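1. Return atomic coordinates for the entry below.
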Amino acid sequence: PPHPQVFEAVLAWVRHDPKEREVLLPELLSKIRLPLCRPQFLADRVQQEELVRCCHKCRDLVDEAKDFHLMPERRPHLPAFKTRPRSCTSITGLIYAVGGLNSSGTTPGTPRTPGTPRCGRAALISL
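-> Model prediction:
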């Protein structure tokens with residue numbers, strides 16, 4: 001599962017500008033599905049992280065994730081979005097790529113009126 005990678009990415013982002021971003025850590029951690037992380041990762045990495053240890057709200061999120069593993073009978077009381085793996089079943093088999101460079105090596109920058117559709121070259125990729 002990608003949840004440990006998301007956790008590490010959040011920490012890297014916060015550490016890039018800690019004075020401005022550290023205050024956002026509780027909100028960002030609340031978006032990571034920590035209960036779906038392995039208990040070893042929660043105990044050995046998340047719980048030991050200094051940024052997490054210094055924040056009461058962050059510690060509460062870690063405790064909630066640990067309770068998910070330690071007390072399965074309480075799982076129905078957790079918000080469903082935290083305990084279900086992410087999935088996108090409505091567009092199975094499609095990948096949308098946005099952006100890139102044009103044939104001259106520059107980014108197209110033609111201003112568009114909001115609501116006006118614009119579609120460049122596209123190709124169907126079978127998965």
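2. sec struct for the closest residue to Arg53 other than its chain neighbours, please.
-> Spatial nearest neighbour of Arg53, chain neighbours left out: Arg59 (6.9 Å); criterion: Cβ to Cβ, 6 or more residues apart in numbering. Quick note: C-beta positions are derived from backbone N, CA and C, even for glycine. Per DSSP: H, G, I helix; E, B strand; the rest coil, the secondary structure class of Arg59 is helix.
3. Arg59 and Leu29, how far apart?
-> In this view, Arg59 and Leu29 are 10 Å apart by Cβ to Cβ, to the nearest Å.
4. So if I had to pick from those two, which one is more boxed in?
-> Leu29 (25 against 15; other Cβ atoms under 10 Å).
5. give me the element that one is part of.
-> helix 25-31 (DSSP states H and E).
6. what comes into contact with that helix?
-> 7, 10, 13-14, 51-52, 55, 57-58, 61 (Cβ atoms under 8 Å, 6 or more residues apart in numbering).
7. Next, give phi and psi for the closest residue in space to Glu22 that isn't next to it in sequence.
-> Distances taken as Cβ to Cβ, 6+ apart place Val14 nearest to Glu22, at 5.9 Å, with adjacent residues excluded. For Val14, the backbone dihedrals (degrees, to the nearest 10) come out as phi -60, psi -40.
8. Output the contacts of helix 25-31 in TSV, with neighbour count, distance to His69 and pLDDT appended to each entry.
-> Below are the contacts of helix 25-31 laid out as TSV (neighbours: other Cβ atoms under 10 Å; distance: Cβ to Cβ, whole Å; pLDDT from 0 to 100):
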residue	neighbour count	distance to His69	pLDDT
Phe7	22	16	95
Val10	18	21	95
Trp13	13	26	95
Val14	18	25	96
Leu51	16	22	96
Val52	20	17	96
Cys55	18	21	96
Lys57	12	20	96
Cys58	21	18	96
Leu61	20	14	94
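9. I appreciate the help and will end here.
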